[in-house]
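>>> just the structure for this:
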Amino acid sequence: MKKCDKCGITINTKQQYCPLCHQVLNGETYTDFKEVYPEYVSLRRQVLPITKKILLFFTIISIIILGIINIADRSGVYWSFIPIGSIIYFWFLVRVGVFSRRNIAFRIALLTVLLILLLIYVDYSTTIENDGWSTNYVMPILLLSSVLAITFIIWLRRINYRDYFFYLLIILTFSIVPLILAFANVVTVFWPSITAFGAATFILLFIIFFFPKSIKEEIKKRFHA
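Numbering: from 1, shown residues only. Predicted coordinates:
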């Protein structure tokens, strides 16, 4: 055992300096002693290369198919920009969420709300005969994209139970907003809002019932369930 004369502690270590005050340690180290360090657990779960390729493949195919259908219908309305933009926004949120260290859910919620408000402003200020594309289509699709991104981040990252509850709260809020606007007649096209509500509700229930197991165990410990 080694001892630090300044701190008055004894340490079973091969190190020459005290971990508290960095003074030289006195004493001998046991010859058969082996230091064991805790295993490093990455904050991100490993994603197999084949999974990345599959996700990238379906993303690119979806964008190409949407663009082809939009060109083929010859309506003169570039509606494919909305779902394509939502797909790109989803991956942007995932990237922000995976590489950020704190306040991930808050950042996602803030970015989504600001983007929706900006598009609503553009919609109502640049068109004389407003058709409500921002509230009818863009808003529910962006909210759903955010819900999917949060779900993906929960799967990828190792989060604590407090963040878990906050994530679920944001998903719940984002799922209810389109439905409230639909009942309040703020939107005139109901199927995007209803679809976004149904999909977000399904995702919320799926997360609660099926994953992540480690967080459920932590919650049980905290509340002695």
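>>> so who does residue 26 touch?
The contact partners of residue 26, by C-beta atoms under 8 Å, 6 or more residues apart in numbering, come to 2-5. C-beta coordinates here come from the backbone N, C-alpha and C atoms, glycine included.
>>> ditto for residue 63
Remark: with contacts taken as C-beta under 8 Å, 6+ apart, residue 63 is in contact with 84, 87.
>>> can you give me the strands for the chain?
Using DSSP state E, the strands found in the chain span residues 2-4, 9-11, 26-27.
>>> would CSV of these with mean pLDDT be doable?
Formatted as CSV, the strands of the chain follow (pLDDT from 0 to 100):
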stretch, mean pLDDT
strand 2-4, 81
strand 9-11, 79
strand 26-27, 80
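>>> let me have the ones you listed in JSON lines, adding distance to residue 88 as columns.
Converted to JSON lines, these look like this (distance: least, C-beta to C-beta, whole Å):
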{"stretch": "strand 2-4", "distance to residue 88": "56"}
{"stretch": "strand 9-11", "distance to residue 88": "53"}
{"stretch": "strand 26-27", "distance to residue 88": "61"}
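>>> of the ones you listed, which is nearest residue 94?
strand 9-11 (43.5 Å; C-beta to C-beta).
>>> phi first, then psi, for residue 190.
phi -90, psi -30 (degrees, to the nearest 10).
>>> and residue 112, how many neighbours?
22 (other C-beta atoms under 10 Å).
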